[in-house]
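Asks: Let me see the structure of the following:
(one chain, ligands or ions: 1)
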Amino acid sequence: MTELSSHTLSAVDGGPRHDADVARHLRAGGVSVIITADSGAMPSIVYWGADLGELDDDALHEVLAATEPRLDNSVDSPRRVGIVPEASTGWLGAPGLQGHRVDGSAWSPKFVDVRHEVHEKTLTSRGSDATAGLELTVIVELTESGLLRARAEVSNTADSGYTVDRLAVTLPVPPVAHEILDQTGRWAKERVPQRRDIVAGTHLRESRRGRTGADAATVLVAGERSFGFQSGEVWGLHVGWSGNHLSYVERHNNGHTLLGGGELLLPGEVALSAAESYSTPWVYGSYGVGLDEQAARFHAYLRSRPQHPTADRPVTLNVWEAVYFNHRLDTLLELADRAAEVGVERYVLDDGWFRHRRSDDAGLGDWYVDEGVWPDGLSPLVERVRERGMEFGLWFEPEMVNPDSDLARQHPEWIMQTGGRMPLEARSQQVLNVAIPEAYEYLLARISSLVSEYKIDYIKWDHNRDLIEPGSTARAGAAGTHEQTAAVYRLLEELKRRHPGLEIESCSSGGARVDLGVLEFTDRVWASDCIDPLERQQILRWTAQLLPPELVGNHIAGPRSHTTSRTHDLSFRATTALIGHLGVEWNIAQATDAERAELREWIALHKRFRSLIHTGTVVRPDAPDDAVVVSGIRAEDASEALIEIAMCARPAAWPPSVIRIPGLDPERRYRVAAVGPDAPRTITASTPAWQRDGGLELTGRALGLVGIQVPPLHVEHAALAHITGL
Ligand code: DGJ
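Replies: Numbers count the residues shown, from 1 in each chain. Model (predicted):
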């Protein structure tokens, strides 16, 4: 429950008030946030971190007094840094709002006469600057899981136009934060962690790709020295937006360290006419002791949303790596038969089914079933899929168009462009301007009619190129990434409204559109085009910093990886895919009977643990050696856990010591046993006791403090430990 308390001298309970300082203490999910506003000014966050307990008015006053800004050699009446920092308060760091009118005025507003409203867990503050002709609204909410989120909106209250160059919100972190951890990556190697010290200046991450990006920061973490998955205070920021965005850590030598984030606006992209407004996306802040606790706050928030998928996530077969563009009905029917036999519950027909799409050079935009390849439409396949008891899913890439397509020939003006020239092509494609109403209507009509005709349960929504020079022909080539992103969200929302129950996957050259903005309208992400389990160990570990396993598509591919050419046993491929939304992406019609039989066992194992995997808490115990990657899932009531131990390289020590399993009930006894089709069948002298017949019994305290032996696995192999409360 979120509790609110307030400074008596300045309490505002729903009613507007602006004649005195205000202070609010928000508490939820083990987190406290204290927000204050100097007399008539916009709000600042005084404290964000571990729960401070109940604070009466005096205690709250003491916190405010203790943190009152006093600066030497600075302005005479120092102010706190606002959630949207303002230069008019004496702040000499990056202002939250940057913009101007054509005559150069309104570039440094001072928002006064601020009204504050509290509605349950949300504080809304609205101020104005009559001279600049602007209004600013800041909304801060502490969710039940203790996840903080904030956004800001600027409105133009004057008659002349106002151009917004930047609107960012900031969250303060205390000086104990010394290290930054965020993510980078590339196609087929997403979410690579990078770490450095915080120094004076700005660590700025910009995405100018017109999509979230395979190299996105994802969660930008500032934390205590040497923080890990289980230890060290960490503060993290995520921008919930699928277009250009920025996130940063800004440290000043006056004691201020800020996490900031918002949309990255291209020049002139947001030009407000009279009475128009611009709102930032939600910027999320997650505090925790250790990265696991920080991730758990994101996960709990996502799981609390009404649209969060609750039913068992259907095991999926995606045909992409099985057939690519080689769509032959007999092969696809056989795949459907084999898929049903091994326990698949959803069959997804990937790229290649629509007109002119015989390779990735042509056809995007022509969203009609190709009459040559599919003379009877998709019905023969869809019917077989349904007869076998599976759902049917179909691939689209709605925001893209090949110049070699009927659509591009008919509507070249729908292609995003500027300067009287076409942007450079990427994957032989251009970007369709979804913000043009006719283009939007075309996509809506085509997708909607196919969803209705084939009763499609699931769309894989792809997006395979960056936006280069994304101008709008409807606005003389003006920059259009903001309106493109907003239009795509509208399209997703409308499709969901028209087709209740339709699920959508966010895919973008693999995992380049993983963010909480798109997840408002979609039901899972495709983590990466790289299904090599060795690479996936890293990709999944870091995707989990934001998303719980049920939102992350995770497939078992064929023995030889299509992106790395490494070869792996089915047991390593399957164990790696187990903790996620499981799928298969492999031509299992060409697999051996033995492989299919083993695959069936792995799918059955996933189904046995599916409700634990899709509701439990992610645990990533710090391992004794970087070669050993340990990840797992613990039931919320600590009654059970499933732990995966992967040997990703050759460790320096042998055997590589023990791993501790955090978060179990210290007083309870647990049985630890090997599980899975590959649970050691041959016991040797080096097989740990927990992997032998019947397993081992230990208390939760012993599991947390002593741990269990890492099995002496071969490199690129994994083992599973099932821990059950007795
Ligand atoms: C990129 C996706 O990530 C793949 O899974 C596949 O759908 C291809 N696009 C199809 O073009």
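
Asks: Quickly note the distance from residue 69 to residue 256.
Replies: Remark: distance between residue 69 and residue 256 (CB to CB, to the nearest Å) = 9 Å. Every residue, glycine included, has its C-beta placed from N, CA and C.

Asks: correction: residue 226
Replies: To residue 256, residue 226 is 23 Å away according to CB to CB.

Asks: Give me the more crowded residue out of these two.
Replies: residue 256 (18 against 9; other CB atoms under 10 Å).

Asks: Get me the contact residues on the stretch 401-550 of the chain for the ligand.
Replies: Residues of the stretch 401-550 of the chain found near the ligand (CB under 6 Å from any ligand atom) are 462, 464, 507, 509, 510, 526, 529.

Asks: Spit out the contact partners of the first one.
Replies: For residue 462, the contacting residues are 351, 395, 396, 397, 400, 507, 508, 509, taking CB atoms under 8 Å, 6 or more residues apart in numbering as the criterion.

Asks: For the first one, which three-state class applies?
Replies: So that's residue 351. Under DSSP: H, G, I helix; E, B strand; the rest coil, residue 351 falls in the coil class.

Asks: can you give me the helices in the stretch 151-300 of the chain?
Replies: Applying DSSP state H, counting those that start in this stretch to the stretch 151-300 of the chain gives helices spanning 291-304.

Asks: Strands along that one, start to end?
Replies: For the stretch 151-300 of the chain, strands defined by DSSP state E, counting those that start in this stretch occupy the ranges 162-173, 179-186, 189-197, 201-207, 220-223, 233-239, 245-251, 257-263, 270-272, 277-279, 283-289.

Asks: would JSON lines of those with distance to the ligand and mean pLDDT be doable?
Replies: Compiled in JSON lines, the strands of the stretch 151-300 of the chain are given as follows (distance: least, CB to the nearest ligand atom, whole Å; pLDDT from 0 to 100):
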{"stretch": "strand 162-173", "distance to the ligand": "31", "mean pLDDT": "98"}
{"stretch": "strand 179-186", "distance to the ligand": "13", "mean pLDDT": "98"}
{"stretch": "strand 189-197", "distance to the ligand": "11", "mean pLDDT": "98"}
{"stretch": "strand 201-207", "distance to the ligand": "18", "mean pLDDT": "98"}
{"stretch": "strand 220-223", "distance to the ligand": "25", "mean pLDDT": "98"}
{"stretch": "strand 233-239", "distance to the ligand": "22", "mean pLDDT": "98"}
{"stretch": "strand 245-251", "distance to the ligand": "21", "mean pLDDT": "98"}
{"stretch": "strand 257-263", "distance to the ligand": "25", "mean pLDDT": "98"}
{"stretch": "strand 270-272", "distance to the ligand": "31", "mean pLDDT": "98"}
{"stretch": "strand 277-279", "distance to the ligand": "31", "mean pLDDT": "98"}
{"stretch": "strand 283-289", "distance to the ligand": "25", "mean pLDDT": "98"}
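
Asks: Please identify which of those strands is closest to residue 144.
Replies: With CB to CB as the criterion, residue 144 lies closest to strand 283-289 of the strands of the stretch 151-300 of the chain, at 13.3 Å.

Asks: Which segments of the chain make up each domain?
Replies: 2-304, 354-526, 621-725 (automatic domain parsing).

Asks: And the residue of the chain that's closest to the ligand?
Replies: The chain approaches the ligand most closely through residue 351 (3.5 Å), counting by CB to the nearest ligand atom.

Asks: residue contacts, that residue?
Replies: Contacts of residue 351 (CB under 8 Å, 6+ apart): 320, 324, 325, 357, 360, 395, 397, 462.

Asks: Kindly report the same for residue 664.
Replies: 634, 638, 641, 670, 700, 703, 704, 723, 725.

Asks: Residue 155 now?
Replies: Residue 155 sits next to 134, 135, 136, 137, 272, 275, 276, 277 when contact means CB under 8 Å, 6+ apart.
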